[in-house]
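> Sequence below, structure please.
(2 chains)
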Amino acid sequence: MVGLATVFGAGGGTSSYREIEDTDVIVLWGSNARVAHPIFFHHVLTGIRKGAKLFVVDPRRTESARWADRWLGLHVGSDIALAHAIGREIIAAGLHNRAFVEGSTTGFDDYRAAVEPWTLEHAEAVTGVPADAIRELAHAFALADRAQMCWTLGITEHHNGVDNVLSLINLNLLCGHVGRYAAGINPLRGQNNVQGGGDMGAIPNKLPGFQDILDDAARHKFDTAWNCTIPAHHGWHLTQMFEAMERNELRALYVIGENPAQSEADSGHAIHILEGLEHMVVQDIFMTRTAQLADVVLPATAAWCETEGTVTNSERRVQRIRKALDPPGDARDDAAIIIDLAHRLGHPEWSYPDAESIWNELRSLSPMHTGMSYQRLADLGGIQWPCPSNDTLEPSYLHGRLWAEDPADRGRRAPFSPVPWAGPVDQITAEFPIRLTTGRRLDSYNTGVQTGAIASPMRQGETLDLNPDDAMRLGIDDGDMVRITSRRGSIEAPARFDAHLRPGLAFMTFHFPDEIDVNVLTIEANDPKSGTAEFKASAIRVDKIMSRVPSPVAGT
Amino acid sequence: MNTRQETSVAAPRRAVMVQIDGDEVKVPEGSTILDACTAHGTAVPTLCYGETIDPVNACRLCVVEVENNRVLVPSCSRKVEPGMVVKTDTARTRHSRKMVLELLGSSVDLSTAPRVGEWMQQYGADPTRYGVGATVAQPVKIDNELYVRDYAKCILCYKCVDACGTEWQNTFAIAVSGRGFDVRISTEFDVELPESACVYCGNCIAVCPTGALMFTTEYDMRSAGTWDESVQQQTDTVCPYCGVGCNLTLHTQDNTIVKVTSPFDRSLTSGNLCIKGRFGFQHVQSRGDTVR
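Sure thing, here's the model as predicted:
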């Protein structure tokens, strides 16, 4: 979100799901959409059936990669090196879109200089991807009339996640694959309202509707509407909050619908910090691990089926959620709880009869949401932002302005980002020789709080997935119990052979923290711009503890 | 015709005039006769037709008469042509539909197929003329906790195979096996679902027209005699999991979610979901004090 906002001024994917069905080249980079975003992948499959070429860039040969024309299996954390090599190859072959680069972007010369050292050979040595595969992706991407660049947490959950994103956006700028139907740049969000949360201003530097908190006019509008004075400086993102807690500067915390005691990297450390707070309030639908540490727990309703409201998806579509069930016990709407809190804090003027009245206040303050009345959202099956008008709809893609005939209509040109490459913080050494990366499985979700109740026949529990050759070298057999040690902690798990992992690479999920807390291992190395931790790259050692206990055979 | 709802502007299509039961109806080029009937407000019974599945022309229930056509035509697949004259309710169509319902009703259990009872009455169909339910009677397959397969209710419309295969899910867990009377929808080597390629998206359940594929919740409630659609409510909302934002329709009875579907007319899902969207609702129904 930070990367897209930096380049285009709006932190949202630029295309719609439907457009991917009409594109020519699809790049899934650090995204196992087949498993993590299955219905988005349906649109990818439709695109493939209509003739699109699919490239999957991922350290693992994932279920998504099995649908690809080419899988580029790169070393974890070498994304920028690969992106720069692709950029260099496109420029060297003269395949970049000169008119677009000259007319709608800035900083091309610096970018060209930054990617110059990344020859195919150099990139092959750093990324592990064969030079001919890099060339093939570069040429296919550049020659495509329309191409889509999509990514997920494989790009962002790194210490330099924002730079990773910027290095991918560079490629779209280079080829003019943005601002046109079916050509675009799309992050797939991990949660059903992570886009909406940011859009509503739940990020440290923006007011609702991506209005900059440092912009005096924007702030004044909110000051007037809310009869208050909004501080003219950025707030803290999650990681900065943890740092402030550690400094004892932040002493009270109000957690709504998050489980940081289990979802944060280096979770042992995170729990220690949370325990040091003077006061913590947790508002959740479950008694989570974090809630158990709280001074006050406020039982909330499950937003998606027990309240009215809206959520915004990865294609910027605002859709209504509706109440289907009466909540249990004392559980109450998040909004009702917050309004009550405001009353007790001396603001009796907070008065909203229903969710729609809150939404209408947003519409009055956020121009990109103005045209989205509840009625229209229902009639049209959701509306994508921006939607400033009550009568018309904008195109399904963003930034068409970059293609305006008259340069004056193009607005701010999109800047190239000559970002440096830096490998993962957690170094591979003789002591910690294996790279551990984490991700999701199809039938589970995050820390498993919600999906634990699905009686999924596919669920296999947490395992350490290893390349079979690596495992055999370590004397480990499929199903053996192993000890996994990183520089931060140590856990035990059964090993599982996975031939789709390249040598030196191991994989775990983080779905079963109560049994096996993988985030004990992960590193709290954060991106300074977004605050996202490097969940995707830990260095580990694996030691066998005991052989698999054969399950008893019935009747013996 | 693709009925998926769009909020962006689609390319314009030429309009075609056809006559349905004597009335002039204007529909976009490429529409089917069934689309034209729907636009006209004329109800035509369908079983194997699926809004999001290419027509398979298996059941022949939707046949209509088209002037200057020797045989009855399936309205679900036949495209409109300018000036076409269509009659949906004639002695021939009624007779044909009656036969289809009788033949199907005598070979499979249609007791949970929505609206079939009503059509039986409308067309005076009496399946007992041919003996009832003997042909494909077979035990219910209950091999997992999420959904049940009762192939005694299967009319072999292949929609589940298409949804699982090339049309949507591309998982290919099921296919048609056997020949003649032995034709069945089957997993590979007829293994139980947990041993098959099934990923429990339930997109087969969504398109099944007879209830042969059914949520375990619905199956259990029907067995216990507590399933009551007349008191159920349907609420449209959005899936709580990943950022794709799939549309869910929650079917609730007595403040409990008993089934989850997705609207067929939304281009976002086209009625499809994954295991989390389809079956991931139990967490709001564990109403004890379980610590998570």
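
> I'd assumed residue A:124 was in contact with residue A:73.
No - applying CB atoms under 8 Å, one finds residue A:73 not in contact with residue A:124, separated by 12.0 Å. The C-beta positions use only the backbone N, C-alpha and C, and glycine is treated the same way.

> Do you have the strands of the stretch 101-250 of chain A handy? List them.
A:105-106, A:147-151, A:184-187, A:206-207, A:211-212 (DSSP state E, counting those that start in this stretch).

> looking at these, which is closest to chain B?
Nearest of those to chain B, taken as CB to the nearest CB: strand A:184-187 at 8.6 Å.

> List the contacts of the closest one.
Residues outside strand A:184-187 that contact it (CB atoms under 8 Å, 6 or more residues apart in numbering or on different chains) are A:1, A:4, A:13-15, A:19-20, A:148-152, A:155-156, A:165, A:168-169, A:172, A:177-178, A:314-315, A:397-398.

> go on, stretch B:117-131?
B:45, B:61, B:94, B:97-98, B:101-107, B:110.

> Can you show me the helices along chain B?
Under the criterion DSSP state H, chain B carries helices at the ranges B:33-40, B:91-107, B:116-123, B:159-164, B:203-207, B:216-224, B:275-279.

> Dump those helices into TSV; add mean pLDDT and mean neighbour count as well.
Supplementary listing: the helices of chain B in TSV, determined by pLDDT from 0 to 100; neighbours: other CB atoms under 10 Å in any protein chain shown:
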stretch	mean pLDDT	mean neighbour count
helix B:33-40	96	22
helix B:91-107	95	18
helix B:116-123	96	16
helix B:159-164	97	24
helix B:203-207	97	26
helix B:216-224	97	16
helix B:275-279	95	25
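
> any chance of those in a markdown table, plus distance to residue A:419?
As requested, the helices of chain B are arranged in a markdown table below (distance: least, CB to CB, whole Å):
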| stretch | distance to residue A:419 |
| --- | --- |
| helix B:33-40 | 52 |
| helix B:91-107 | 64 |
| helix B:116-123 | 63 |
| helix B:159-164 | 43 |
| helix B:203-207 | 41 |
| helix B:216-224 | 51 |
| helix B:275-279 | 35 |
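
> Out of those helices, which gets nearest to residue B:136?
Residue B:136 lies closest, by CB to CB, to one member of the helices of chain B: helix B:91-107, at 6.0 Å.

> on contacts alone, who are the packing partners of the closest one?
Contacting helix B:91-107 under the criterion 3 or more CB pairs under 8 Å, 6 or more residues apart in numbering or on different chains; DSSP states H and E are the following elements: strand B:63-66, helix B:116-123.

> ok, residue A:108 touching residue A:101?
Yes - here residue A:108 lies in contact with residue A:101, judged by CB under 8 Å, at a distance of 5.2 Å.

> Please say which of these two ends up with more neighbours.
residue A:101 (22 against 19; other CB atoms under 10 Å in any protein chain shown).

> for that one, what are its contacts?
Contacts here follow CB under 8 Å, 6+ apart; on that basis residue A:101 touches A:108, A:173, A:174, A:176.

> just to revisit the earlier point, out of the contacts of stretch B:117-131, which comes closest to chain A?
The nearest one, if we look at the contacts of stretch B:117-131 relative to chain A and count by CB to the nearest CB, is residue B:45, at 27.5 Å.

> who's in contact with that closest one?
Residue B:45 sits next to B:61, B:62, B:97, B:115, B:119 when contact means CB under 8 Å, 6+ apart.

> Tell me how many other residues crowd the second one.
By the measure other CB under 10 Å, the count of residues near residue B:62 is 28.

> and residue A:5, that one's in a helix?
Yes - read with DSSP: H, G, I helix; E, B strand; the rest coil, residue A:5 is one of the residues of a helix.

> any idea how far residue B:225 is from residue B:110?
Taken as CB to CB, to the nearest Å, the spacing of residue B:110 relative to residue B:225 amounts to 19 Å.

> And for residue A:27?
Shown here: residue A:27 relative to residue B:225, a distance of 54 Å by CB to CB.

> go on, residue A:511?
From residue A:511 to residue B:225 the distance is 37 Å (CB to CB).

> now do residue A:164
Using CB to CB, residue A:164 is found at 57 Å from residue B:225.

> quick one, what contacts residue 26?
If you meant another chain, say so; for now it's chain A. A:20, A:44, A:47, A:48, A:52, A:53, A:54, A:55, A:147, A:148, A:150.

> please go with chain B instead
B:15, B:16, B:17.

> how about the nearest residue to the residue of the stretch 51-200 of chain A found nearest chain B, chain neighbours excluded?
Sorted by distance to chain B under CB to the nearest CB, the residues of the stretch 51-200 of chain A start with residue A:189, at 2.6 Å. The shortest distance from residue A:189 to any residue other than its chain neighbours is 2.6 Å, reached at residue B:243 (CB to CB, 6 or more residues apart in numbering or on different chains).

> next one: residue B:222
Spatially, and ignoring its direct neighbours in sequence, residue B:222 is nearest to residue B:112 (7.3 Å; CB to CB, 6+ apart).

> That neighbour contacts residue B:210, doesn't it?
Yes - counting by CB under 8 Å, a contact exists between residue B:112 and residue B:210, whose distance comes to 6.5 Å.

> Looking only at neighbour counts, state which of these two leads.
The neighbour comparison of residue B:112 against residue B:210 (other CB under 10 Å) goes to residue B:210, with 23 against 17.

> give me the low-pLDDT residue ranges for chain A?
Flagging of chain A using pLDDT under 70 yields the residue ranges A:1, A:531, A:549-556.

> Let me see the domain layout of it.
Chain A resolves into domains spanning A:2-187, A:194-384, A:434-546 when parsed by automatic domain parsing.

> Quick check: which of those domains is buried the most?
The highest mean neighbour count among the domains of chain A belongs to domain A:2-187 (a mean of 22), with neighbours defined as mean count of other CB atoms under 10 Å in any protein chain shown.

> Quick one: end-to-end length of that domain, please.
End-to-end distance for domain A:2-187, by CA to CA, to the nearest Å: 11 Å.

> now that domain, how far from the centre of its chain.
16 Å (CA atoms, centre = their mean, to the nearest Å).

> what's the answer for stretch B:75-85, then?
22 Å.

> which parts of that stretch are buried?
B:75, B:76, B:78, B:80, B:84 (16 or more other CB atoms under 10 Å in any protein chain shown).

> Tabulate those residues (CSV), appending pLDDT.
As requested, these are exported to CSV (pLDDT from 0 to 100):
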residue, pLDDT
B:75, 97
B:76, 96
B:78, 96
B:80, 96
B:84, 97
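
> which of these sit farthest apart?
Longest distance between any two of the buried residues of stretch B:75-85 is 15.1 Å, between B:76 and B:84; criterion CB to CB.

> Can you pull out the low-pLDDT segments for the stretch 151-292 of chain B?
Using pLDDT under 70, the stretch 151-292 of chain B drops low at B:286-292.
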